[in-house]
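Peer 1: turn this into a structure:
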Amino acid sequence: MRHSATSFSFRPLRRDDLPLLMEWLAADHVAAWWERPEDPEEKYFGGRPVRHFIALLDEKPVGMVQFYRWLDFPDGAAAVGARPGEVGLDYLIGDADLIGSGVGPAMIDAFLSKTISGRGDVSGVRVEVPESNRRSCRSLEKLGFRREQSGGSIAGREEPHYVYTRAADPEAATPGS
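Peer 2: Residues are numbered from 1 along each chain as shown. Down below sits the predicted model:
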C-alpha cells in the first residue's frame, strides 16, 4: 500500500497524546533510534524550542514529527554544519505494520510541504540520521535530500551519523544551490 502526502495532516502534540507516544517510543522499531524520556511532560512541554506534531494518516495517529531551528542548538548546529535559516527534523512511525509501506517518505513530504515550504524564514532542512538507519536514509533520498556528511559521530552520540540537507522549497531552489 502506498500513501500520498495529501493523506496526512498534522496537529500539535497534546498532553493526552503522551501515553500513545510513550507506547510508540517503547516499540522495538522506534526504540532503536529514539530514547524514551524519563519525564515526558518536561521533554515535550517544558519550554524547549522544539515543535512536536502528531502525524495523522486519514485522521488516524500514525507517528510524530518534530522540528527546530538549528540556531537554537549551537553545539548541535556546529556538529552538523548547519547554516543560518536551516531547521532540523526528526520523525517516527509508531505503528510497525506501516514500516516499508511508503508512509515514511509520504509523511515527511507532507510535513515539509504543509509546515516548512514557503516560509521565508527557513532556508533549508538539515537532518542527522544514524548510518545504520537505512530506511530513514532511503526515505530522505527519495525526497531529494542530499547526503552532505557521513561517518562522523554527532552531538556526542557513539554511532556514526549521516547528515542530509535539502532546500526548504526544492522547486524554488536554483540548480547547484
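Peer 1: CA only for contacts and neighbour counts going forward, please
Peer 2: OK.
Peer 1: tell me where this protein has strands.
Peer 2: Listed in chain order, the strands of the chain (DSSP state E) span 8-12, 50-57, 60-69, 86-93, 124-130, 146-153, 160-167.
Peer 1: any idea which of the ones you listed is most buried?
Peer 2: Most buried of the strands of the chain by mean neighbour count (mean count of other CA atoms under 10 Å) is strand 124-130; its value is a mean of 24.
Peer 1: list the pairing partners of that one within its sheet, with orientation.
Peer 2: strand 86-93 (parallel), strand 160-167 (antiparallel) (DSSP bridges).
Peer 1: would you mind giving the ones you listed as CSV with distance to Glu42 and mean pLDDT added?
Peer 2: CSV is the format used below for the strands paired with strand 124-130 (distance: least, CA to CA, whole Å; pLDDT from 0 to 100):
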stretch, distance to Glu42, mean pLDDT
strand 86-93, 18, 95
strand 160-167, 27, 90
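Peer 1: out of the strands of the chain, which gets the lowest mean score?
Peer 2: The stretch with the lowest mean pLDDT among the strands of the chain is strand 146-153, at a mean of 75.
Peer 1: ok so, going back, to Ile99, which of the strands of the chain lies closest?
Peer 2: Ile99 lies closest to strand 86-93 among those, at 7.3 Å (CA to CA).
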